[in-house]
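Asker: Compute the structure for the input listed below.
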Amino acid sequence: RHTLSETASDTRGIGAARRWVEREFQTISRDCGGCLEVVLPSDTVTAPRIPTPTEVVNVVAIQRGTTDPDRVIVISGHLDSRVTDV
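Answerer: Next comes the predicted model:
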């Protein structure tokens with residue numbers, strides 16, 4: 001993902017990538033009877049290479065224990081690409 005790439009397109013950029021990961025997690029959850037909780041934690045970030053405040057959104061799936069719901073498995077999808085000139 002390129003943090004500053006397109007967020008609204010359904011075919012290009014970081015927004016399309018995170019929606020693809022979210023759909024994959026939702027499909028897995030549907031196939032296992034709703035065993036995953038899919039969440040999209042986000043934060044607004046500013047840094048030397050992110051000059052304007054930018055929302056960064058992660059995609060996380062949580063699987064809770066069946067006998068002990070306080071025990072969890074956390075699954076995160078992380079896709080990376082970069083431009084040739086950062």
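Asker: Which residue is most remote from the mean position of this structure?
Answerer: The centre of the chain is farthest from one residue, T67, which by C-alpha atoms, centre = their mean lies 27.4 Å away.
Asker: helix or strand for that one, which one?
Answerer: Of the helices and strands defined by DSSP states H and E, none includes T67.
Asker: Same check on G15?
Answerer: Using DSSP H and E, G15 falls in helix 13-31.
Asker: which secondary structure elements does that helix contact?
Answerer: strand 36-39, strand 60-64 (3 or more C-beta pairs under 8 Å, 6 or more residues apart in numbering; DSSP states H and E). Just so you know, the C-beta spots here come from the backbone N, C-alpha and C atoms, and that holds for glycine as well.
Asker: Check this structure and tell me which residue is nearest its centre.
Answerer: Note: the chain centre (C-alpha atoms, centre = their mean) maps to V59, 2.2 Å.
Asker: looking only at pLDDT, what's the mean for the strand ranked longest in the chain?
Answerer: Identified as the longest strand of the chain according to DSSP state E is strand 50-57. Here strand 50-57 scores 89 as its mean pLDDT.
Asker: what ranges of the protein fall below the confidence cut-off?
Answerer: Along the chain, the parts satisfying pLDDT under 70 run over 1, 78-86.
Asker: go with 90
Answerer: 1-8, 10-14, 17, 47-52, 54-56, 69, 76-86 (pLDDT under 90).
Asker: so what's D10 up against?
Answerer: By C-beta atoms under 8 Å, 6 or more residues apart in numbering, D10 lies in contact with 16, 19.
Asker: how does it look with 6 Å?
Answerer: A16 (C-beta atoms under 6 Å, 6 or more residues apart in numbering).
Asker: in a strand, that's where it is, yeah?
Answerer: No - assessed with DSSP: H, G, I helix; E, B strand; the rest coil, D10 is coil; it does not lie in a strand.
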